[in-house]
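Dropping the sequence and predicted coords here.
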Amino acid sequence: MAGRIRIRAQKQGEYTEVKALMRHPMETGMRKDAAGEPIPAHFITEVAGKHGEKVVMSAQWGAAVSQNPFLGFRFKGGESGDEVSVSYIDNKGETGSGSTKIR
Amino acid sequence: MNQTETFGPIGRRQFLRAGAAFAALAIAPIKLLASMVRPEGAFQATTVEATLAELGMQPVESSDIVLETPNIAENGAVVPVTVTSSIPNTSRIFVMVEKNPNPLAAIFDIPEGTEASVQTRVKVAQTCLLYGLVEADGKLYMTTRETKVTLGGCGG
């Protein structure tokens, strides 16, 4: 099951600002459902941001990152029209990705 | 996919779809980037001290890190955090939440050409210190800021 990532990349001077919003429950594994059964942990463990093929951001996350996570960063060297992508993998091996062109 | 088991013979289309899903699972990468090595011990640690011990580095306080968090978070489940470092050669940024069950929330790798500033949102279980840590030239620097939480971060 691959999740979509909403992503925006905007040129600001020499930097390109990237904002990505992922859709993910980010369950810690410490919560219980209404019936008192533990809800299994389900959270994004790795995130990568790329400008073309170049990795411009990589992150490792724990379950403390909020539900539907937000990631913002800025990198140099982007030009209008270049492709920027963000992808993730979670603790169940599920992946998500999204891409956009720099505005 | 359970439907195919419950509702009789599998149609060709469903079969193809199931096959494609299976293939996607089979080739799904275990890691996004080969270079990532997850410090599992640090993510599992239950105190700030234990996390730092797992990372194998002791931080020194630095005023060259700006940690932006709200003074008061009405909803501890979604607390915006921005960490910006003006320390030269910043290679990694860490976010820790002192009183969470596992304090280490996130590690960001900053390659050359990427600004040493990251924005995200974290859960904060209760009023406590948030840590912004920065690794540069093999040394660890930190700054802290208290965030008051009026509603806990575990939604329980």
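Cool, the structure landed.

Contacts only, for residue 55.
Went with chain A since none was named. A:48-49, B:33, B:111 (CB atoms under 8 Å, 6 or more residues apart in numbering or on different chains). (Glycine included, C-beta is placed from N, CA and C.)

Switch to chain B, please.
Contacts of residue B:55 by CB under 8 Å, 6+ apart are B:39, B:42, B:94, B:140.

Next, it: phi, psi?
phi -70, psi -20 (degrees, to the nearest 10).

close to chain B, is the helix or strand bottoming out on mean pLDDT in chain A?
Lowest on mean pLDDT, DSSP states H and E among the helices and strands of chain A sits strand A:3-12, with a mean of 94. No. Taking CB under 8 Å from any CB of the partner chain as the criterion, strand A:3-12 and chain B are apart, separated by no less than 10.5 Å.

name the helices or strands packed onto that strand?
Here strand A:3-12 touches strand A:15-22, strand A:83-90, strand A:95-101, going by 3 or more CB pairs under 8 Å, 6 or more residues apart in numbering or on different chains; DSSP states H and E.

what about the closest residue to chain B within chain A, distance to residue B:113?
Residue nearest to chain B within chain A: residue A:72 (3.3 Å; CB to the nearest CB). Plainly put, residue A:72 is 17 Å away from residue B:113 if you go by CB to CB, to the nearest Å.

cool, residue B:74 as well?
37 Å.

Those two: which has the busier surroundings?
Neighbours were counted for residue B:74 and for residue B:113 using other CB atoms under 10 Å in any protein chain shown; residue B:113 has more, 15 against 11.

On the three-state scheme, the residue of chain B found nearest chain A is what?
Closest residue of chain B to chain A, CB to the nearest CB: residue B:119 (3.3 Å). Assigned by DSSP: H, G, I helix; E, B strand; the rest coil, the conformation of residue B:119 is strand.

who's it bridged to?
residue A:72, residue B:82 (DSSP bridges).

With the one 10 residues further on instead?
According to DSSP bridges, residue B:146 are recorded as the beta-bridge partners of residue B:129.

tell me the contacts of it?
Per CB under 8 Å, 6+ apart, neighbours of residue B:129: B:98, B:144-147.

could I get these as JSON lines with pLDDT and distance to residue B:62?
Formatted as JSON lines, the contacts of residue B:129 follow (pLDDT from 0 to 100; distance: CB to CB, whole Å):
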{"residue": "B:98", "pLDDT": "97", "distance to residue B:62": "18"}
{"residue": "B:144", "pLDDT": "98", "distance to residue B:62": "11"}
{"residue": "B:145", "pLDDT": "97", "distance to residue B:62": "13"}
{"residue": "B:146", "pLDDT": "96", "distance to residue B:62": "18"}
{"residue": "B:147", "pLDDT": "95", "distance to residue B:62": "19"}
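
Can you tell me which of these has the most neighbours?
Neighbour max across those (other CB under 10 Å) = residue B:147, 22 neighbours.

Disregarding residues adjacent in the polypeptide, which is nearest to it?
residue B:69 (4.9 Å; CB to CB, 6 or more residues apart in numbering or on different chains).

pretty sure the one you found is in contact with residue B:81, am I right?
Yes. Between residue B:69 and residue B:81 there is a contact at 5.3 Å, judged by CB atoms under 8 Å.

overlap in contacts of these two?
residue B:130.

between these two, who's got more neighbours?
A direct count of neighbours by other CB under 10 Å for residue B:69 and residue B:81 places residue B:81 higher, at 25 against 21.

List the residues that contact residue B:72.
Counting by CB under 8 Å, 6+ apart, residue B:72 has contacts B:147-150.

ok so, going back, so for residue B:49, which of the helices and strands packed on strand A:3-12 sits nearest?
Ranking these by proximity to residue B:49 (CB to CB) places strand A:83-90 first, at 28.4 Å.
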